[in-house]
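make a model of this:
(2 chains, ligands or ions: 1)
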Amino acid sequence: MIVGVGGQGTLLASRVLGSVGMREGCDVKVSEIHGMSQRGGSVVTYVKMGGKVHSPVIEEGEAHIVLAFEKLEALRWIRYLRPDGRIILNSQRIDPLPVILGESRYPDGVIREIKKRCPNVQVADALETARKCGNPKTMNVVLIGLLARSTRIKKETWLKALRDVIPERLLEVNLKAFEEGYNYSLV
Amino acid sequence: MKMLLLGNEAVARGAYESGATVATAYPGTPSTEITEALARYEEIYSEWSTNEKVALEVAAGASFAGARAICSMKHVGLNVAADPLFTLAYTGVNGGLVIAVADDPGMHSSQNEQDSRFYARAARIPMLEPSDSQECKDFVKEAFYLSEKFDTPVLVRLTTRVAHSRSMVELGEREDYRLKEYVKDEGKYVMMPAMARKRHGELEKRMAKIREFADESLLNRIEWGDRSIGVITSGVAYQYAREALGDVSYLKLGMVYPLPRKLIARFAKEVETLYVIEELEPFIEDQVRKMGIKVIGKELFPVVGELSARLISERVLGKKKELMDPPLEQLPVRPPVMCPGCPHRAVFYVLKKLRFTVNGDIGCYTLGALPPARAMDTCLCMGASVGMAHGMEKARGADFRKKTVAVIGDSTFIHSGITPLIDLVYNKGNSTVIILDNSITAMTGHQHNPSTGYTIKGEPTIAVDLVKLAEAVGVKRVRLVDPFELKELEKILKEETQADGPSVIIAKRPCALLKQVKFGPQVTVDRSKCKYCKACMVLGCPAISDTGDGIKVDEALCVGCGLCIELCRFGAFVKKAGEKSGGA
Ligand SMILES: Cc1ncc(C[n+]2csc(CCOP(=O)(O)OP(=O)(O)O)c2C)c(N)n1
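A predicted model of the protein is given here:
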């Protein structure tokens, strides 16, 4: 499950994962929401792969992995995780409009709250890593790199999937971002 | 070759493989990508039509002329296209005619969650409903075949989860379809009473044949499993049911109108407990009940919103799942917002300031209804703003009218704002209509429209001149303004609402997400000048925040549009010197 804020590149990430699944010979379903929510709203995409996938959506208590592009969104969707599931988290904070307007408060200790519910969390500053690679928009691919390393799927497959989805002119910086994510040293 | 395609892309692929040569649509989530994908095929003429009624009429013309044609829209679009739809059922087709309609249970991006299956029944047009991308492609091909076999348009219904999910599709070759001969036949194509009476009779005969077909068609299939539970279902609800109930027995309907009555009767007889699992209205359930069959349906499942596997599992099997603790406090919501640099923001800022009653319409600018502007009073359907402002004047008179406006986007104005504008002029109205011309259909993901000067394929074309158009229908007071000139905008708004006679104000500034839009350097706050009056917070710009001890501009978000500079009385916002343009 990929959660984040509209405009962060969640759709591209879900396409890469879909392509990985296909290359692994799985049945794959990727469910996206277009339209209204893309304007800076809370967004979620579901990626399911396996023998036979029926429902395209992931429901509460079902996700093996949550790839979170923003920490408040990770907390918002955390109940979708299985008890033994894990979270890969970009530590970035993006204030929603009600917070900017001072109508609500961005909660303190978001990562602590997440860890209370899920012991298996990897936190990375993927945005900073992406910046260092030369393009902050590759943050999504840094996270994919992080995810890739912790799966049994061959690295080569991930690289091919990136080539399937990313246009030629952006490939180089994205491959770099993937490597950085793949080799990211977690503290 | 297999590919991972969106349901919408698979619909397009189905039309391509069927040899279709004409594709029309008005955009609308969740249907838009069908025609975007069709436009990528060189062999297919495609267009963004001005609205869904026009789209269907263009497709009907193509069909009568012998081509295979597909017309796509969202559920509410079918309301707009309903007039030609009902009579097309009488005329039938020449080349195959398929109408793809995408419903939005759960209203991810819509103003209602109406169930289009009722249109099939009301107009007496067969309707197919795929449940994944492969079926999207296969069913569209089957729909073209049925359309020609039975001489009828055919509806293909999608829902958001089918339209916007990617799943595997086996690609095929494009059929070498030859145009059917065009033969003048007024008995079939000219619908006036004498001819229409005959055609209505034909329609009923045709329906009898299609009913027989439904009972034999492979579109409807029984999957036998444990017979203690039998489920009649279709579309994405089938996928949810499969996931929740596993190996019970299913009657999966690919054709939801007309229903295969014999097949249903047979299935019902052989299962112990029969359920109908369908999203939204009890469309199938009511018909099954009417056949005298005992069935469980909407007493268990809601008519509001989407279904889910968990809901089905809970309601049918009584299984409850343990879930982890919810997040402790109420988390702040994250609604969609107008983008940094959005031209609409300026207009709603001024409307809020003037405390006008605002009849809104549908598009990105509907976000003007949300905080902090909250400067929208009504939003009903596309084009409604203009007529509603006029109606308000007729109800409450001149004083009220002088503080009331209609606000409508460029695409929406062309879709269905022109006729109410003429109504207003003709019927001696005095309302003020603001056209928010951001040079694109933004909400649905940047489609061209007749005011942008480009076609769906990006070719230059004649652009509608909105000023001349308004003048031509008799509006004497037409004003053009850049909404970022806040003072000028405010002045014009005051003048036009006060003036007698109808006014049109065209607030023209391109969508900030368009590639050609370049702003200057980013903005920063000069703390020595900032009085911390928070007037800028009323803009609701995501890049401007109140840190508790001052105002800050977020570097990652500011695009340098400068609206805040225009607004601040103290000159506290300044452009960063010598820096490159903003935006990541
Ligand atoms: C009958 C109907 N067709 C389509 C839609 C989907 N839709 C909502 S807003 C919109 C277009 C908005 O474009 P515009 O008026 O130019 O405003 P913008 O989003 O650019 O601000 C469309 C196509 C709808 N809601 N109703």
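
pull the lowest-mean-pLDDT helix or strand in chain A out as PDB, backbone CA atoms only.
Sorting the helices and strands of chain A by mean pLDDT, DSSP states H and E puts helix A:97-100 at the bottom, at a mean of 91. In PDB, the C-alpha atoms belonging to helix A:97-100 read as follows (Å, rounded to 0.1, in the frame of the first residue of the first chain):
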ATOM      1  CA  LEU A  97      -4.200  23.000   5.000                       C
ATOM      2  CA  PRO A  98      -6.200  22.900   8.200                       C
ATOM      3  CA  VAL A  99      -2.800  22.900  10.000                       C
ATOM      4  CA  ILE A 100      -1.500  25.700   7.900                       C
END
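
which element follows that helix toward the C-terminus?
Using DSSP states H and E, the helix or strand that directly follows helix A:97-100 along the chain is helix A:110-117.

give me the helices and strands touching that following helix, please.
Helix A:110-117 is packed against helix A:71-76, strand A:81-90, strand A:121-124, with contacts defined by 3 or more CB pairs under 8 Å, 6 or more residues apart in numbering or on different chains; DSSP states H and E. To be clear about C-beta, it is placed using only N, CA and C from the backbone, and glycine gets the same treatment.

which residues touch it?
With contact meaning CB atoms under 8 Å, 6 or more residues apart in numbering or on different chains, helix A:110-117 is reached by A:71-72, A:74-75, A:78, A:81, A:87, A:89, A:91, A:93, A:107, A:121, A:123, B:324-325, B:327-328.

buried residues in it?
A:110, A:113, A:114, A:117 (16 or more other CB atoms under 10 Å in any protein chain shown).

likewise for stretch B:532-551?
For stretch B:532-551, by 16+ other CB under 10 Å, it's B:536, B:537, B:538, B:539, B:540, B:541, B:542, B:543, B:544, B:545, B:546, B:551.

how about stretch B:237-249?
By neighbour count on 16+ other CB under 10 Å, the buried set for stretch B:237-249 is B:237, B:238, B:239, B:240, B:241, B:242, B:243, B:244, B:245, B:248, B:249.

from the chain's centroid, how far away is the least confident helix or strand of chain A?
With CA atoms, centre = their mean, to the nearest Å as the basis, helix A:97-100 stands 23 Å off its chain's centre.

just stretch B:258-268 next, same as before
Per CA atoms, centre = their mean, the centroid offset for stretch B:258-268 relative to its chain is 33 Å.

ditto for stretch B:19-35
On CA atoms, centre = their mean, the centre of stretch B:19-35 falls 11 Å from the chain's centre.

for that stretch, which positions count as buried?
B:19-35.

on that earlier part again, indicate which one of the helices and strands packed on helix A:110-117 is closest to chain B.
helix A:71-76 (5.1 Å; CB to the nearest CB).

of the helices and strands packed on helix A:110-117, which approaches residue B:306 most closely?
Closest to residue B:306 of those is helix A:71-76 (CB to CB; 18.5 Å).

let me see the mean pLDDT of the closest one.
Average pLDDT, helix A:71-76: 95.

would you put the C-alpha positions of it in PDB?
Output of helix A:71-76 as PDB, limited to C-alpha atoms (Å, rounded to 0.1, in the frame of the first residue of the first chain):
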ATOM      1  CA  LYS A  71       4.500  10.500   8.200                       C
ATOM      2  CA  LEU A  72       1.000  11.800   9.100                       C
ATOM      3  CA  GLU A  73      -0.300   9.700   6.200                       C
ATOM      4  CA  ALA A  74       1.500   6.700   7.600                       C
ATOM      5  CA  LEU A  75      -0.300   7.100  10.900                       C
ATOM      6  CA  ARG A  76      -3.600   7.800   9.100                       C
END
